[in-house]
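In: Return a 3D structure for these sequence lines:
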Amino acid sequence: MDVLFLLIPMSVLLVFAIMGLFAWSLHAGQFDDLEREGERILQREAGAVDTDQPAGAPGSEQFGPVRESRGEVQ
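Out: Next up, the predicted model:
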């Protein structure tokens, strides 16, 4: 029963800390545009041009998109 005198104030402090973190994230704009972040990972970003590489170097756009292998023998 004596442990409740410790657990109740600690749980109240924890709730206030969680509310403070949530208020900070709202104020910092973490939840402003959720759809854009979900679509951003699907868009292909233009990489920086490396002038030291020849035009037909592997990884250039000349060869098209890179296909991922899932352990299948081709």
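In: Run a quick neighbour tally on residue 33.
Out: 10 (other Cβ atoms under 10 Å). Just so you know, the C-beta spots here come from the backbone N, C-alpha and C atoms, and that holds for glycine as well.
In: cool, and residue 19?
Out: 10.
In: where's it relative to residue 13, distance?
Out: For residue 19, the distance to residue 13 equals 11 Å [Cβ to Cβ, to the nearest Å].
In: same thing with residue 27?
Out: 21 Å.
In: now do residue 5
Out: From residue 5 to residue 13 the distance is 14 Å (Cβ to Cβ).
In: what do you get for residue 3?
Out: 16 Å.
In: again with residue 28
Out: 22 Å.
In: again with residue 33
Out: On the measure of Cβ to Cβ, residue 33 and residue 13 end up 32 Å apart.
In: Kindly export the helix ranked longest in the chain (C-alpha atoms) in CSV.
Out: Longest helix of the chain, by residue count under DSSP state H: helix 4-27. C-alpha atoms of helix 4-27 as CSV (Å, rounded to 0.1, in the frame of the first residue of the first chain):
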residue,chain,number,x,y,z
LEU,A,4,1.1,3.8,-4.1
PHE,A,5,2.5,6.9,-2.6
LEU,A,6,5.4,6.5,-5.0
LEU,A,7,3.6,5.1,-8.1
ILE,A,8,0.8,7.6,-8.3
PRO,A,9,3.0,10.8,-8.4
MET,A,10,5.4,9.0,-10.8
SER,A,11,2.5,8.2,-13.2
VAL,A,12,1.2,11.7,-13.0
LEU,A,13,4.6,13.0,-13.9
LEU,A,14,4.8,10.5,-16.8
VAL,A,15,1.4,11.7,-18.1
PHE,A,16,2.6,15.3,-18.0
ALA,A,17,5.8,14.5,-19.8
ILE,A,18,3.9,12.6,-22.5
MET,A,19,1.5,15.6,-22.9
GLY,A,20,4.5,18.0,-23.1
LEU,A,21,6.1,15.9,-25.8
PHE,A,22,2.9,15.8,-27.8
ALA,A,23,2.4,19.5,-27.4
TRP,A,24,6.0,20.1,-28.6
SER,A,25,5.4,17.9,-31.7
LEU,A,26,2.2,19.7,-32.6
HIS,A,27,4.0,23.1,-32.2
